Structures are given as structure tokens and as C-alpha cells.
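Asker: prediction below, plus the sequence it came from.
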Amino acid sequence: MPDQQALFNQCIQEHADGLYRYAFRMLGCDSTARDVIQETFVVAWESIEQLEQISHRRAWLFTVLRRKMSRHWRTAERSLQPICETDEPSDEGHWIAESDQQDWLQFQIHNLPVPLREA
């Protein structure tokens, strides 16, 4: 157990900053990035025996992080309501632009002071 704790602490020391930078860049929100990283390290601790056998721990942690971010985006997409609806057919490029707009809007809402977010 002490060796596992040391390995876990080493993973945090070596990789937490890089994981945070990547998560923040992709999610655009400090608290969400920290939450996703925390979930990533929970998986690492729960899989500590497997982690001991892995030679490329950084790659493994980033894979877990990307899966956690993907799950976050899927959950966030379900909670977002469309701004406007149209009966016109849309091409795939339009959906990408709309998705980018929703991401931007969500980022801006998260940056508002708490009283304004709840209005």
C-alpha cells in the first residue's frame, strides 16, 4: 500500500499541471477542469494496481481525462436548450457552428458573477 500511495502521489506531481492545462484549454472553465481532473485521479486511484503495470502513465491519464471530458460534454449538451428552432434543413457545417456557439455561450455564462448566472 505505501508503494501504491507513493506511485499515486508521483502521478499527481508529474501530471496534474499538464492535465489541468489541457482540460482548461478544452473546457474553458477552471472549476469544470478541476472537477474533470479530480474524476480522472479517482479513476487512477481505483485502478492503482493496473496503473502500476502501465509504462506510459501520462498517456493513460490523458486517455481517462479525454473520456471524462467527453462525458461532460455529452451531459452538458443534454442540459442545453436550443436558442431558436428552425424548420429549415441544416447541413453538417451548420451544426458545428451551432455547437461552437453553444460552447461559447456556456463559457460566457460560467464567467458571469453567480447572482447573474441564476437570473
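Answerer: Yes, it's here. Numbers count the residues shown, from 1 in each chain.
Asker: run through this structure and note the low-pLDDT ranges.
Answerer: Scanning the chain for pLDDT under 70 picks out 1-2, 76-101, 117-119.
Asker: what segments of it are helices?
Answerer: In the chain, the helices defined using DSSP state H lie at 2-27, 30-46, 48-53, 57-79, 92-110, 114-117.
Asker: and the fourth one, how far from the chain's centre?
Answerer: The chain centroid and the centroid of helix 57-79 are separated by 5 Å, computed with C-alpha atoms, centre = their mean, to the nearest Å.
Asker: what lies in contact with that helix?
Answerer: The set of residues that contact helix 57-79 without belonging to it, under C-beta atoms under 8 Å, 6 or more residues apart in numbering, is 11, 14-15, 18-19, 22-23, 26-27, 32, 36-37, 39-40, 43-44, 51, 54, 102, 106. C-beta here means a position set from N, CA and C on the backbone, and glycine is covered the same way.
Asker: got the helices of the chain as CSV, with mean neighbour count columns?
Answerer: Below are the helices of the chain laid out as CSV (neighbours: other C-beta atoms under 10 Å):
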stretch, mean neighbour count
helix 2-27, 14
helix 30-46, 17
helix 48-53, 12
helix 57-79, 15
helix 92-110, 12
helix 114-117, 8
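Asker: how close does Leu61 sit to Tyr20?
Answerer: Noted for Leu61: a distance of 12 Å to Tyr20, by C-beta to C-beta, to the nearest Å.
Asker: also Ser47?
Answerer: Per C-beta to C-beta, Ser47 is found 20 Å from Tyr20.
Asker: can I get stretch 56-68 in PDB, CA atoms only?
Answerer: Taking C-alpha atoms only, stretch 56-68 is exported to PDB below (Å, rounded to 0.1, in the frame of the first residue of the first chain):
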ATOM      1  CA  HIS A  56       3.100   5.100 -20.200                       C
ATOM      2  CA  ARG A  57       1.100   6.600 -17.300                       C
ATOM      3  CA  ARG A  58       0.900  10.000 -18.900                       C
ATOM      4  CA  ALA A  59      -0.800   8.700 -22.000                       C
ATOM      5  CA  TRP A  60      -3.100   6.600 -19.800                       C
ATOM      6  CA  LEU A  61      -4.100   9.500 -17.700                       C
ATOM      7  CA  PHE A  62      -4.800  11.700 -20.700                       C
ATOM      8  CA  THR A  63      -7.000   9.000 -22.200                       C
ATOM      9  CA  VAL A  64      -9.000   8.900 -19.000                       C
ATOM     10  CA  LEU A  65      -9.200  12.700 -19.000                       C
ATOM     11  CA  ARG A  66     -10.400  12.800 -22.600                       C
ATOM     12  CA  ARG A  67     -13.100  10.300 -21.800                       C
ATOM     13  CA  LYS A  68     -14.200  12.300 -18.700                       C
END
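Asker: fine by me, thanks again.
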